[in-house]
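Participant: Sequence and predicted model, in that order:
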Amino acid sequence: MDQTLSVLLIVAGSALVVVTIVDAIGGFFRIGASAGILTRPFEDLVSRVVLWWVRRSRNRNQLNLLGAYCVATRTVVSVTMLWLGWSLLYVSSEEAAVIASSGAIASTLERFYFAGYVVSTLGLGDIKPGNDTWRMVTTFASLSGFLFLTFVVSFMVTIASQISQRRSVAMAIISAGDGPYAVLERYRSGDIVDLGPLVSLLALPVITSAEASTNLPLLHRFHTSDTLASYAVAIARLNETLTILEHGCKSDPDPQIALLRHGIDMIADSLPGQWRDDAVAAPPALTPLRASGFICASDDAFADAMVEARVRYRRNRLKNMVETLGFSWDRDVYRNAGDSVLP
């Protein structure tokens with residue numbers, strides 16, 4: 001083989017192996033601005049197609065599988081790139097792979113087969129390295145495959161734990177009331193709304209789940225079709241409740257509300273960039289609260305609060321999250337509805 005071509009194959013193969021491993025780990029944990037640059041486009045494509053189908057078919061059942069689709073896509077792309085990188089290395093030298101029984105030089109296709117066999121940690125098969133140098137290379141190839149697959153399994157255990165926690169947070173929020181108005185009514189004490197018990201219950205879990213959403217971006221791909229257990233619907237409902245409480249009615253100040261606010265902001269800021277960003281959340285009405293005897297702010301003061309930059313950004317971002325997943329802002333966030341058919 002031409003020496004220049006051999007060097008190019010070695011450089012290309014080594015670069016692809018290193019970039020794939022770094023990209024896979026960084027993409028899973030959002031390490032660095034360019035993390036996931038190889039796998040993210042494929043994951044985004046799968047996510048777009050599934051979410052488009054959810055909205056088009058008016059049925060959210062595929063939401064239950066979206067996370068699995070994205071993990072499978074990332075894994076397949078990463079393993080394929082890793083396999084290709086090692087294959088290029090084995091193609092770069094005639095001594096890299098020989099037939100075990102005869103010592104004959106392996107063909108290009110056989111070298112690809114050998115690289116895949118080694119990376120999958122299945123052993124060597126009927127092909128072996130041609131000299132000691134390539135035996136060492138084969139050892140590293142096998143270790144890279146073993147460590148990568150072990151990492152994926154360990155990562156999925158972490159993801160499963162976080163999904164369970166998010167589900168618990170969602171159910172705690174949604175069980176507090178069938179919409180923001182119902183929550184405020186439940187925690188009303190005379191003329192005052194005291195969300196202290198609910199805020200104390202939710203502050204730490206929401207912050208913990210928000211931190212996980214920031215560090216593990218794949219969590220934004222895991223959802224349920226059940227409104228009563230939807231993390232997206234729950235966080236939006238919690239935000240609407242706090243927004244009405246803070247700007248629309250008389251309440252006891254609770255320092256832990258700021259902690260909840262911080263958690264919700266983290267969630268809003270960490271949402272995938274390719275999600276739709278065209279929905280605008282209309283200001284909630286204070287009429288139902290006044291009808292129930294609440295002491296409310298004036299309509300002008302409340303309207304001014306609703307156009308504050310951070311309030312508007314947070315509400316619009318969460319509404320886009322809810323509607324991207326095929327839920328209804330009016331029906332699912334403001335009124336508890338457990339069916340999976342869109343309005």
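Facilitator: Thanks, I have it.
Participant: so what's Gly326 closest to, chain neighbours aside?
Facilitator: Residue nearest to Gly326 in three dimensions, not counting chain neighbours: Val54, with 4.2 Å by CB to CB, 6 or more residues apart in numbering. Backbone N, C-alpha and C define where each C-beta goes, glycine included.
Participant: Tell me where the chain is predicted with low confidence.
Facilitator: Residues of the chain meeting the criterion pLDDT under 70: 1, 27-36, 123-124, 252, 273-278, 336-343.
Participant: domains in it, as residue ranges please.
Facilitator: Domain ranges of the chain: 3-152, 175-333, per automatic domain parsing.
Participant: could you dump these to JSON lines with mean neighbour count?
Facilitator: Shown next, in JSON lines, are the domains of the chain (neighbours: other CB atoms under 10 Å):
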{"stretch": "domain 3-152", "mean neighbour count": "17"}
{"stretch": "domain 175-333", "mean neighbour count": "18"}
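Participant: Looking at those, spot the one closest to Ser161.
Facilitator: Evaluated with CB to CB, the domains of the chain place domain 175-333 nearest to Ser161, the distance being 9.1 Å.
Participant: Measure how far that closest one is from the centre of its chain, please.
Facilitator: 20 Å (CA atoms, centre = their mean, to the nearest Å).
Participant: ok, now stretch 139-157?
Facilitator: Centroid displacement of stretch 139-157 relative to its chain, using CA atoms, centre = their mean, is 21 Å.
Participant: quick one on the thing from earlier: using CSV, please lay out the domains of the chain together with distance to Ser164.
Facilitator: Formatted as CSV, these follow (distance: least, CB to CB, whole Å):
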stretch, distance to Ser164
domain 3-152, 13
domain 175-333, 11
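Participant: Of those domains, which is nearest Arg166?
Facilitator: Comparing the domains of the chain by CB to CB, domain 175-333 comes nearest, at 4.5 Å.
Participant: For the stretch 1-150 of the chain, which segments count as helices?
Facilitator: Here the stretch 1-150 of the chain has its helices, by DSSP state H, counting those that start in this stretch, at 3-29, 40-57, 63-91, 108-119, 132-174.
Participant: now the helices for the stretch 151-300 of the chain?
Facilitator: For the stretch 151-300 of the chain, the helices defined by DSSP H, counting those that start in this stretch cover 180-186, 196-215, 231-248, 256-269, 287-291, 299-306.
Participant: and those helices as TSV, adding distance to Arg60?
Facilitator: Listed next are those as TSV, based on distance: least, CB to CB, whole Å:
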stretch	distance to Arg60
helix 180-186	22
helix 196-215	20
helix 231-248	11
helix 256-269	20
helix 287-291	27
helix 299-306	29
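Participant: how about these, which one is nearest Leu147?
Facilitator: Nearest of the helices of the stretch 151-300 of the chain to Leu147, taken as CB to CB: helix 196-215 at 20.6 Å.
Participant: can you list the helices of the stretch 1-150 of the chain in CSV and add distance to Ser189?
Facilitator: As requested, these are exported to CSV (distance: least, CB to CB, whole Å):
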stretch, distance to Ser189
helix 3-29, 44
helix 40-57, 41
helix 63-91, 38
helix 108-119, 63
helix 132-174, 20
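Participant: Which among these is found nearest to Ser298?
Facilitator: Among the helices of the stretch 1-150 of the chain, helix 132-174 comes nearest to Ser298, with 28.8 Å by CB to CB.
Participant: Which strands or helices does the closest one pack on?
Facilitator: When contacts are defined as 3 or more CB pairs under 8 Å, 6 or more residues apart in numbering; DSSP states H and E, helix 132-174 packs onto helix 3-29, helix 63-91, helix 108-119, helix 196-215, helix 231-248.
Participant: If anything else comes up later, I'll come back, but that's it for now.
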